[in-house]
Every structure is written in C-alpha cells, then in structure tokens.
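> Generate a structure from the sequence data that follows.
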Amino acid sequence: MGVEQRKRDDQQELTDEVDFKIVLARQIFDYDLRRQESTFTDEEESKCRTDIVEKLKEREMGPVYERVCAQLGWDVDDMVLSSMKEVNEKKIQELDDAITNAKENEGEMEVRDAMVSKADYYAQVGDQSKAGEAFEEAVGKTAGAGPKLDLSFSLLRLHLSLRDWVAYKKELEKAWDLCSKGGDWERKNKLKVYEALYLMATRQFEGAAELFLNSIATFTATELMSYESCVFYTVVLAVVSLDRPALLAKVVENPEILAAIDAVPHLRELLTSLYQCQYALFFKSLVEISDVIKADMLLHPHYRYYLKEARVVVYSQYLQSYKSVKMTGMASAFGVSVDFIDDELSNLIVEGRLPAKLDRVDGVIYTTRPDPKNAAYQQTIRQGDHLLNKLQKLSKLTDVE
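Sure, this is the predicted structure:
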C-alpha cells in the first residue's frame, strides 16, 4: 500500500510542478526499496529500470546516471553515458558563449541571466559541485535578497534530490542569513518549509512539526511537494511531537489540514483516534500509515524510530489517567495481547521512556508520576551539596579556617 500511495503522490506532484529532480529521486528510491524487499517481478523491475534510464536520458542527466548506476549496481551503458556527456558539454559551451556575448555586448542584467541559466542547467543535470560554483558566481551578480534567495532555493532542491544533508544545511544557513537582510514574507514562509524538510530528515520532529504548522495556511513551496504531502508530513510529525491540547488546537481543528487529510488513507483516523483516546483504532491506523512512512524517501530512515515514538506517546497518554491499571484492561483497550503489552512496557520502562512499574505476579501496572515539588527540592539539595564541595576545596587552597 505504501509504494502505491507514493506512486499516486508522485503523479500528483508532477501535476503540481514539483521539481523534476525530486520526483525522480523518489522514483529511484522506490525502485531501490522494492528491489531490496524483493517485491518486484522481473518484468516490473525491468520496466521500472527502463523508465528511470529514459527519464535520465530525456533530461540529459549524465552525472545522475553515473551515480545511480553505482548506487544500484547497474552496468553503465557506455554509449548512453557518452551521448549524455556529449550533450552536456555542447550545452555548457552554448551557455558559456552566451555569458561571453552578454559581457561584451549587453548589460549587467543580461550577464546575470546568462550565469543563472548555466547554474540552472548544472542543477538540472545533477552536477552538484559545478552547480554550486555556478550559483556562487550568479549570486555575485545578483542584487537584492529576494533574487538571491531564489538561487539558494534552486541549490537546496538539488541537495535535497541527492539527500546531501551536510550541503543542504550549509546552504540553508546562507538562505536564512539572506532572509535576515531583507527577504520578503512569501520567501521567508517558503524557507520555513525547506528547513522543516531538513529537520524532519535529520530526526528533529518537534521543530519540523512546528515549522510545517506555521506554513500550512500559506503553503507555496509547490516545487518541493504537493500540498497533500505537506499535510501528511504535518500530521504524522504532530502526532509524536505535540501534547493533547496543542494537537487539538493546531491540528485536529485546523481547517487547512482537515480539507486535505483524506488524501492519504487512514491519516484522519490516526489523528482523531489519538485525540479521542480510541487506542485500538490508533494501533490499526498506525499499522496502515507505517507502510506510507516506510515508502517515503525522507521518512524511511526513521521508520522504526517513528513507530516506537508513536507507541510511547499513546502509552503515556493512556497511563496518565491511572495510578494503577490491570494489564488485561490495557491490552483490551489497545486490541492486543497481554504478552504484547508486557513486552512493550517492560522495554520502555527499562529505557526510562515510561514512568511506570510492572507487577507481573498480580498483572498490574503502577504509574510513577514525578512530583514537581519533590523534584525541585532534590535539585536544590544537589546544587547546595555541589556548592559546599566547591567551598571546601577553595578553603583548602586559600588556607581559610
């Protein structure tokens, strides 16, 4: 179900003019995932592989073709690669000639436009290093924070398609620096989405959720993803990041989210079941949504982590209402076996993720809520002891009696 959902999303994103490099990167990811999981028939694998190569040839993406062959273990077709390189070199020569002509016969604006065209072409074909150099030169000829930000967005999309998060972070910092010098409201809002993707990809879910929520009402970053994809990311991240009151105010009752939430099956059930404490339905929805998360290029590396965090959230919410509860009662509420609950809670309690204790003999779970006043008192005592130790050491050094 997850791969099929991703295919539908890709078709929607092509309609929404998502950057082709990102759509293609997702298709390559889907191919690699299905190959690893052996869900391809020979015919499907051959068809998908041919489709990817044809798209690379159509867009003259020689550098990407080399990378993909190395990544997926494909044999490089020397004729195909040579043909793409020849086209790339010819096009770059034409763009260099245009820059030279602009410098000799036209004004600064025309020179800048010619430089941007060259940088855009390097980005289009996936030549990351040369694209970076070309965009740097184009920025030097560009006046105003807004147009410079547009160039930064182009480079960020290239880094995203390659999932080079180190380069992405560096460019993101440059973009925010430009914003601080006068970026307009629309570009600032768009940059929040670019940063949210970075935070999500690097497992900083809370920050990513906040940025997505800030951007959802005025979402314009359609070059990155469809609006429906943005809603999907917002909801799944909010589920593991927001407390129950915030979830209600920012997500459950958010009209922009509700208008598009049904584009992903079971997403509405995941959200509402958590808020309404329908724990068995939440577990069923989580299983369905997990397929979509696993098939997503950016969330896939965090698939197991996300499922664990979602379970911690829902267990904590359930236990918060009790001082003690029978394991049979909790298992019934979640629609699972007692043994499953026993194994789950045992591991999470040992890891310090749940404030509870298990009595296996009586089959009872006791919650151990921290006492804020007692915790503050203990912290004060520890700080006082630390201070006294320092004073004693100081007195020895200074011979103070």
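> where does Lys326 fall, phi/psi-wise?
Lys326 has phi and psi values of phi -70, psi 140 when expressed as degrees, to the nearest 10.
> burial measure for it, as a count.
Here the number of neighbours of Lys326 (other C-beta atoms under 10 Å) works out to 14. All C-beta spots, glycine's among them, are computed from the backbone N, C-alpha and C.
> The one 5 residues further on now?
Around Ala331 there are 17 other residues, counting by other C-beta under 10 Å.
> That one reaches Val338, doesn't it?
Yes: between Ala331 and Val338 there is a contact under C-beta atoms under 8 Å: 4.6 Å.
> what does the host helix or strand of Leu149 contact?
Leu149 belongs to helix 145-162 when elements are defined using DSSP states H and E. Helix 145-162 is contacted by residues 19, 21-22, 24-25, 67, 116, 119-120, 123, 126, 128, 131-132, 135, 138-139, 142, 165, 167-168, 171-172, 174-175, 178-179, 181-184, 187, 190-191, 194, 197, 223-224 when judged by C-beta atoms under 8 Å, 6 or more residues apart in numbering.
> Quick check: which helices or strands does the helix or strand that it is followed by pack against?
Next in sequence after helix 145-162, counting helices and strands by DSSP H and E, comes helix 165-180. On a contact count with 3 or more C-beta pairs under 8 Å, 6 or more residues apart in numbering; DSSP states H and E, helix 165-180 meets helix 145-162, helix 185-201.
> Kindly export helix 165-180 (C-alpha atoms) in PDB.
This file holds the C-alpha atoms of helix 165-180, laid out as PDB (Å, rounded to 0.1, in the frame of the first residue of the first chain):
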ATOM      1  CA  TRP A 165      22.100  17.000   4.200                       C
ATOM      2  CA  VAL A 166      25.600  18.400   5.000                       C
ATOM      3  CA  ALA A 167      25.500  20.600   1.900                       C
ATOM      4  CA  TYR A 168      21.800  21.300   2.500                       C
ATOM      5  CA  LYS A 169      22.400  22.600   6.000                       C
ATOM      6  CA  LYS A 170      25.200  24.900   4.800                       C
ATOM      7  CA  GLU A 171      23.000  26.400   2.100                       C
ATOM      8  CA  LEU A 172      20.100  26.700   4.500                       C
ATOM      9  CA  GLU A 173      22.200  28.800   6.800                       C
ATOM     10  CA  LYS A 174      23.100  31.000   3.900                       C
ATOM     11  CA  ALA A 175      19.500  31.400   3.000                       C
ATOM     12  CA  TRP A 176      18.400  32.400   6.500                       C
ATOM     13  CA  ASP A 177      21.200  34.900   6.500                       C
ATOM     14  CA  LEU A 178      19.900  36.400   3.300                       C
ATOM     15  CA  CYS A 179      16.400  36.500   4.800                       C
ATOM     16  CA  SER A 180      17.700  38.500   7.800                       C
END
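> start the count at 12, not 1, going forward
Let's use 12 as the start, then, which means that last one is helix 176-191.
> Now do the same for the residue lying closest to Val323 once chain neighbours are set aside: helix, strand or coil?
Counting by C-beta to C-beta, 6 or more residues apart in numbering, Val323 lies nearest to Arg364, which is 5.2 Å off, once chain neighbours are set aside. Taken by DSSP: H, G, I helix; E, B strand; the rest coil, the conformation at Arg364 corresponds to coil.
> What about Arg364, how many residues nearby?
Neighbours of Arg364 using other C-beta under 10 Å come to 16.
> where's it relative to Ser284, distance?
21 Å (C-beta to C-beta, to the nearest Å).
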